[in-house]
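[1] here's a sequence, model it:
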Amino acid sequence: MSCGTVAGVVRLHALELTPDDAGQTAVRADWQALRDAGLPSQLDHRGTTNEPHVTLVATEEPVTPTVRELAAALTRPLLPVPAQVAGLVVFGGPRVTLAWALEVPDEVTGLALRLRAETRGHRHRGWLPHLTLARRLPREQLEAAVRVLDHGRRAVSLARLRLWDPDAATITTLVAGP
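    Okay, here's the model as predicted:
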């Protein structure tokens with residue numbers, strides 16, 4: 001197994017879809033609203049790779065060149081991927097992750113499941129498309145966080161497929177939509 005570890009935290013290799021500029025702006029507006037309210041926000045993540053994204057696959061093992069090529073070939077005809085924000089989703093226990101839940105076309109769900117079948121070392125079962133707004137949010141601050149967020153139903157266009165390699169600390173764009 002080869003996965004990036006920083007301060008005891010395993011950083012997983014990932015294939016991710018990223019929003020176009022308008023989608024980036026919309027997600028970052030909610031990140032800023034959380035920060036302005038004094039709440040945890042993805043803006044607190046200072047890494048240069050921090051960008052709104054939808055993880056298709058996250059594994060403890062490196063993504064092989066064969067899987068990268070397959071991911072690019074299967075993703076290319078789907079871009080840009082239309083997604084709808086369906087509401088908020090909460091993951092975790094005493095400290096939670098708060099995210100936009102996304103409705104995506106069936107072909108994208110099929111893509112994620114196909115890529116999962118081609119990779120090993122998954123941290124979680126199944127796939128739930130989402131864009132993270134805050135991590136490690138104390139559960140008692142959840143209500144305050146929900147109050148400051150924009151709850152309008154909106155469309156987000158996912159325009160790029162990228163690879164995160166924590167061993168090399170690199171992001172590589174594999175496919176960019178028109």
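[2] for the rest of this, base every contact and every neighbour count on C-alpha atoms.
    Will do.
[3] which residues of the chain fall in helices?
    Read by DSSP state H, the chain holds these helices, from start to end of the chain: 21-36, 65-75, 106-117, 142-148.
[4] so which of these is nearest Ala134?
    Ranking these by their distance to Ala134 (criterion: CA to CA) puts helix 21-36 first, at 7.4 Å.
[5] list the buried ones in the closest one?
    Along helix 21-36, these residues count as buried under the neighbour rule (16 or more other CA atoms under 10 Å): Gly23, Gln24, Ala26, Val27, Arg28, Asp30, Trp31, Gln32, Ala33, Leu34, Arg35.
[6] closest one of those to Gly177?
    Gly23 (13.9 Å).
[7] ok, now which ones touch that closest one?
    When the contact criterion is CA atoms under 8 Å, 6 or more residues apart in numbering, the partners of Gly23 are Val156, Ser157, Leu158.
[8] by neighbours, which of the residues you listed wins?
    Within the contacts of Gly23, most neighbours by other CA atoms under 10 Å means Leu158, with 26 neighbours.
[9] show me what that residue is bridged to.
    Residues found in beta-bridge contact with Leu158 (criterion: DSSP bridges) are Pro19, Val81.
[10] so for the chain, the centremost residue is which one?
    In the chain, the C-alpha closest to the average C-alpha coordinate belongs to Val54, at a distance of 3.0 Å (CA atoms, centre = their mean).
[11] isn't that one up against Trp127?
    No. In this structure, Val54 sits apart from Trp127 without contact. The criterion is CA atoms under 8 Å, and the distance is 10.4 Å.
[12] in contact with Leu17, which residues?
    With contact set as CA under 8 Å, 6+ apart, Leu17 has these partners: His53, Val54, Thr55, Leu56, Leu158, Ala159, Arg160, Leu161, Arg162.
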